[in-house]
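**Student:** Sequence plus predicted model, see below.
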Amino acid sequence: MLPLDIAFWVMAAVGVATALAVVMEKDIFRAALFLVVSFLVVAGIFVLLNAEFLAMVQVLVYVGAISILIIFAIMLTRNAHEGNPFNSFQLPALVLSTMMLAAIAFVAVNTEWHDWDQLGLQVLPGDSGEVFSATEQGIKNVFGNTTQVIARLLMRDFVLPMEAASVVLLAAVIGALALVRENEGEA
Amino acid sequence: MLEDYFRQYGLIAIFTAIAVILPGSLLVVSWLLSFLRIRPSKPNDVKRSPYECGMELIGDRWPQFNFRYYMFAILFVVFDVETIFIYPWAVQFKQLGFFAFAEMLVFILILVIGWAYAWNHKALEWR
Amino acid sequence: MSALETLLLVLAIFGVLTGLSVIVLSLIWLERKFLGRMQMRMGPMHVGPFGLLQPVADAVKLMAKEDLLSSLVDRVVYWVAPLAVFVPTFMIWVTIPVARDLVIRNLDMGLFYIIAFSVLSIVGLVTAGWASSNKYAVLGGFRAAAQLVSYEIPLILAVLGVAMLAQSMNLEEVVNSQSTVVYALVQPLGLVIFFIAGLAELGRTPFDIHPAESEVVGGPFVEYSGAHWAVFFLAEYINTFAIAALTVLLFLGGWLFPGISGDVSALGVLVFLVKTYLVILVVFWIRGTYPRLRIDQLMSLGWKVLVPLALVNVVITASYMFYGWSAWSLSLMSLAILGAAIWGLSKRMRTAPTPEYTVKLYVPAPEASNAG
């Protein structure tokens, strides 16, 4: 096996194991720590996919920020040590996650994966709408600096989603504020 | 080119391993010293009680926190996500032209609105 | 990978290891001696010449110290927490150059990598507090999370300003682009924001809210002793050096110095180390001078002063780059905003009334008498 294959299988195994541990672990805080490890492994898989910018984003946002958010939430709960009970949602959760798995598997199977050797002509917008070909230079242009390509895509083709993202973030702030105020009303 | 890319992340993986082994070995060495009778290990009830300024434990071990503190975590996530949008733009915006420049100003402006809203509702105060 | 390359790599990793150990030992000595002198004391002086071997003695003592483990701690998590704090602080050294080409790996996304990994130690601190299952530790961990999270944003935005000026996230390119003028002069506002936020990230006075001895008796580290505590201590000093090194690389021109050719590596390292140690002395100087901020002041400073200033910094830097204004215009704007901020802040501090607090005394519930 190639080193890359070994790396992939190790990370995949650790990822699945930690994800299972998140569900099985009774102590919520430990479950959160397993979640952090799981996030880190996902970052590693992004690296294997040549998406280094996404890997860094995964570390910065999920491992750094989202986990802190989750830990804050845990600290606000009572009985964190006996929490995470296997409750009545078990069956619906199972159904839902099976459906998710099916959907993801379906997408993965149906996607046309552009392998290096059969990359043909992949259309990616360049400075003047040029097309990168599967030559060495073309691959270098796209995968050598994913950050630049992402910047171009965000600023040219996906302007609306990006601005929508900022509105969603705004909504998150306002939602959190509404929750805090509700809390105050009770007190 | 690609080999180089994977080599660089392989290096980071090696570094991670060292970063775990180094402090880990410190702990293990210290633990081993207890077998050589260099590190004493004579626990008793007083030593094993959690620190509470010399008093006996009062109340719950984990204090309850105000929900308001959660606000800071949310704000952090929001600004964190904002920065990951700004970073790719920041090293490229000269080539991307005026449209991208204006776009990012709008993006920042929307977030500043959220921040100002939070300030206005006294969510930025630690109480 | 050829044999020569492998050898070089092993040498580089050993270089980083020994370099960091020597630096940590020297920093401990320097801090104690410097603080001692500032307080008209001698500092360490009995172990070795000028007390130079004091940190070594400390290390030996810590390793051979009894491990006081409270019966309530969550053992596994308690073991993991020091590692979780240490690993990210060590990992960022992959890409911090100490001289031209003298770096383990010059990542193109270097700055982003450093930022992404520096956030991780927050999780470790909270974990330490939680695993100790001690009121002070949990409270300290919570404070640490709130503080570090708040100052991470201005830190990231200040770094962003530099990435914009250099049009690169590669640390070596950032330094090379300062060959005409250092960014401290172009962007003084960015430097001040970065330095203050960096101090807060380190949890040093005046921002030592989470280990505050007089309030939460050492915060997340209360229940840690011996080798476990030594790992936290090590991480803290490596972090101090890293923040100082980043200040030098991002704003003070790294290994560049007018009149000294940066092509000679040894000279470059020397220049870099001198600059870094000067920055660290400033950190110690601040520690010896200022009292600790109150936690509400700390949060206000972060969210109401540094975050908006950092955003303004990003916007003016972007406009300056985009419209190609001349360099002095940016530094003038930067200075003007900095001056206005300091003026406004000092005026507010002089006039603001002390907030009123209501202190709730602890009244034990009748049935909660099971302690003991």
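**Tutor:** Looks like it came in fine. Just so you know, these numbers come straight off a predicted model, no measurement behind them.

**Student:** Output the set of residues of chain A in proximity to chain C.
**Tutor:** Residues of chain A lying near chain C by Cβ under 8 Å from any Cβ of the partner chain: A:27, A:29-30, A:33, A:36, A:52-53, A:56-57, A:59-60, A:63-65, A:67-68, A:71-72, A:75, A:145, A:147. C-beta coordinates here come from the backbone N, C-alpha and C atoms, glycine included.

**Student:** Which of those fall within helices?
**Tutor:** Using DSSP state H, A:29-30, A:33, A:36, A:52-53, A:56-57, A:67-68, A:71-72, A:75, A:147 are the members of the residues of chain A next to chain C that sit in helices.

**Student:** What's the separation between the closest residue to C:L69 other than its chain neighbours and B:S41?
**Tutor:** Among residues not flanking C:L69 along the chain, B:R48 sits closest, at 6.9 Å (Cβ to Cβ, 6 or more residues apart in numbering or on different chains). According to Cβ to Cβ, to the nearest Å, B:R48 and B:S41 sit 12 Å apart.

**Student:** Kindly report the same for C:I114.
**Tutor:** From C:I114 across to B:S41, the span is 40 Å (Cβ to Cβ).

**Student:** So for the two, which residue has more residues nearby?
**Tutor:** The neighbour comparison of C:I114 against B:S41 (other Cβ atoms under 10 Å in any protein chain shown) goes to C:I114, with 23 against 13.

**Student:** OK, contacts around the residue lying closest to C:S150 once chain neighbours are set aside?
**Tutor:** Counting by Cβ to Cβ, 6+ apart, C:S150 lies nearest to C:G302, which is 3.8 Å off, once chain neighbours are set aside. Residues counted as contacts of C:G302 (Cβ atoms under 8 Å, 6 or more residues apart in numbering or on different chains) are C:Q147, C:S150, C:Y151, C:I153, C:P154, C:A197, C:A200.

**Student:** Closest one of those to A:A151?
**Tutor:** Relative to A:A151, the closest of those is C:I153; by Cβ to Cβ it sits at 21.1 Å.

**Student:** In a helix, that closest one, correct?
**Tutor:** Yes - C:I153 forms part of a helix when assessed by DSSP: H, G, I helix; E, B strand; the rest coil.

**Student:** pretty sure it contacts C:P308?
**Tutor:** No - using Cβ atoms under 8 Å, C:I153 is not in contact with C:P308, being 10.7 Å away.

**Student:** Looking at the two, which is more packed in?
**Tutor:** The neighbour comparison of C:I153 against C:P308 (other Cβ under 10 Å) goes to C:I153, with 23 against 16.

**Student:** check contacts around the residue nearest to the more buried one when sequence neighbours are not counted.
**Tutor:** Nearest residue to C:I153 in three dimensions, chain neighbours excluded: B:F79, at 4.5 Å (Cβ to Cβ, 6+ apart). When contacts are counted by Cβ under 8 Å, 6+ apart, B:F79 touches B:L111, C:I153, C:V307.

**Student:** tilt between the helix or strand B:F79 falls within and helix A:67-75?
**Tutor:** Following DSSP states H and E, one finds B:F79 within helix B:70-90. For helix B:70-90 against helix A:67-75, the angle by axes from the mean of the first three to the mean of the last three Cα atoms, to 10 degrees is 170 degrees.

**Student:** For helix B:70-90, what is the distance to the chain centroid?
**Tutor:** When distances are taken as Cα atoms, centre = their mean, to the nearest Å, helix B:70-90 is centred 14 Å away from the chain's centroid.

**Student:** Same check on stretch B:40-53?
**Tutor:** 31 Å.

**Student:** And stretch A:53-70, by the same measure?
**Tutor:** 9 Å.

**Student:** That one: end-to-end distance?
**Tutor:** 24 Å (Cα to Cα, to the nearest Å).

**Student:** Now stretch C:22-31: buried residues?
**Tutor:** The neighbour-count criterion (16 or more other Cβ atoms under 10 Å in any protein chain shown) identifies C:I23, C:V24, C:L25, C:S26, C:L27, C:I28, C:W29, C:L30, C:E31 as the buried residues of stretch C:22-31.

**Student:** which one among those residues gets closest to chain A?
**Tutor:** Chain A has its nearest neighbour among those in C:V24, at 24.8 Å by Cβ to the nearest Cβ.

**Student:** Skipping its backbone neighbours, what lies nearest that closest one in space?
**Tutor:** C:V24's closest residue in space is C:Y237 (Cβ to Cβ, 6+ apart), at 4.5 Å.

**Student:** Spell out the residue ranges of the strands in chain A.
**Tutor:** A:121-122, A:132-133 (DSSP state E).
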